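Student: Got a sequence here, can you model it:
(2 chains)
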Amino acid sequence: MKARIKVTLKNGVLDPQGKAIEGALGALGFSGIESVRQGKFIEVELAEKDRTKAAAAIDEMCRKLLANTVIENYAVELDEK
Amino acid sequence: MKSAVVVFPGSNRERDMLYALELITGVKPHAVWHTERDLPDVDLVVLPGGFSYGDYLRTGAIAARGNIMPAIAKAADRGVRILGVCNGFQILCEAGLLPGVLMRNAGLKFVCRHVKLQVVNAETDFTRKYERGQVWNCPVAHGDGNYFTDTDTLARLEGEGRVALRYAEGTNPNGSLNDIAGILNERGNVFGLMPHPENMIEPLNGATDGRALFESVLEAVA
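Tutor: Numbers count the residues shown, from 1 in each chain, chains lettered A, B, ... in the order given. A predicted model of the protein is given here:
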């Protein structure tokens, strides 16, 4: 089982890196950009075959380490390769 | 006063901290490697500055889950004073021993300079040797010092006098909420700050304004 985890900043949390990317895209001549937000992408390969158990394990990993829920949201996609 | 400095892979201010503690307390502090599961019997535990685990994932995130951390949480429960400086502050937040999080500096740059700190609360175990409102110089050196928390927690920190230090006179180097430089836990025995008082302790540093922070703990535990 493979988990694909997206960690993004919550709405309203300042994202200075996103702002810097937005500025750089503008400097390259890309117009019409309304906003840029950046985040993290994490892949975890699991030995677990059971989808429900895998989902529960990944959720716990996200809460305990992969995301800081004070400022970040996470979304998980599970793939049975 | 007996003290210990916890060392993680990537800590780099532990020697400054060990030196400062010995100079000010007159007792040689313990250095404790992060793989230990127990702390020596001490009055103060310090998490020093640095870049534990190369700041991977988030600053302090991996160190905060290290072997030694449950012992630090237990010591905090017993009322032992815990001080986190810079990366140590980030680790205490990630470990949940202090609320909130230290985000990337608003200006995106690593800042290494002197700031002015205002003592907002001079009745804490970490600031009692300062005067309320006193402004002192202290160096900072960090890329992630932008303190953030939710509105309710912020209101509680402010209302309960737990914002002990603020950046003063327009010297906020990182965009932190309410110019927060250092905060306490609810009980007042865990303190985290981004600036480096251990580098402001003898005339060679240009001033000795950081000494009072350590002398405060010394007095508090006496």
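
Student: Count the residues that sit near the nearest residue to residue B:143 once chain neighbours are set aside.
Tutor: In space, and not counting its chain neighbours, residue B:143 is closest to residue B:110: 4.2 Å by Cβ to Cβ, 6 or more residues apart in numbering or on different chains. From N, CA and C alone the C-beta is placed, and that goes for glycine too. Under the neighbour criterion other Cβ atoms under 10 Å in any protein chain shown, residue B:110 is assigned a count of 12.

Student: where does residue B:110 land on pLDDT?
Tutor: We have a pLDDT of 97 for residue B:110.

Student: helix/strand/coil for residue A:54?
Tutor: State at residue A:54, reduced to three classes by DSSP: H, G, I helix; E, B strand; the rest coil: helix.

Student: so what's the residue nearest to residue B:143 up against?
Tutor: Residue B:110 is in contact with B:141, B:142, B:143, counting by Cβ atoms under 8 Å, 6 or more residues apart in numbering or on different chains.

Student: Please tell me how far the residue of chain A positioned farthest from its centre sits from residue A:21.
Tutor: Centroid-distance maximum for chain A: residue A:29 at 27.4 Å, with Cα atoms, centre = their mean. Distance, residue A:29 to residue A:21, by Cβ to Cβ, to the nearest Å: 15 Å.

Student: What of residue B:16?
Tutor: 35 Å.

Student: For chain B, just list every one of the helices.
Tutor: Assigned by DSSP state H, chain B shows helices spanning B:14-25, B:69-78, B:87-94, B:151-159, B:211-221.

Student: Between the two ends of stretch B:105-116, what distance do you get?
Tutor: By Cα to Cα, to the nearest Å, the extent of stretch B:105-116 from end to end equals 17 Å.

Student: now that stretch, how far from the chain's geometric center?
Tutor: 17 Å (Cα atoms, centre = their mean, to the nearest Å).

Student: Can you give me the neighbour number for residue 13?
Tutor: Chain wasn't specified; assuming chain A. Residues near residue A:13, counting by other Cβ under 10 Å: 16.

Student: not what I meant, chain B
Tutor: 23.

Student: Go ahead and confirm it touches residue B:47.
Tutor: No - checked against Cβ atoms under 8 Å, the pair residue B:13 and residue B:47 is beyond contact range at 10.0 Å.

Student: Quickly list what's touching both of the two.
Tutor: Both residue B:13 and residue B:47 are in contact with B:85, B:87, where contact means Cβ under 8 Å, 6+ apart.
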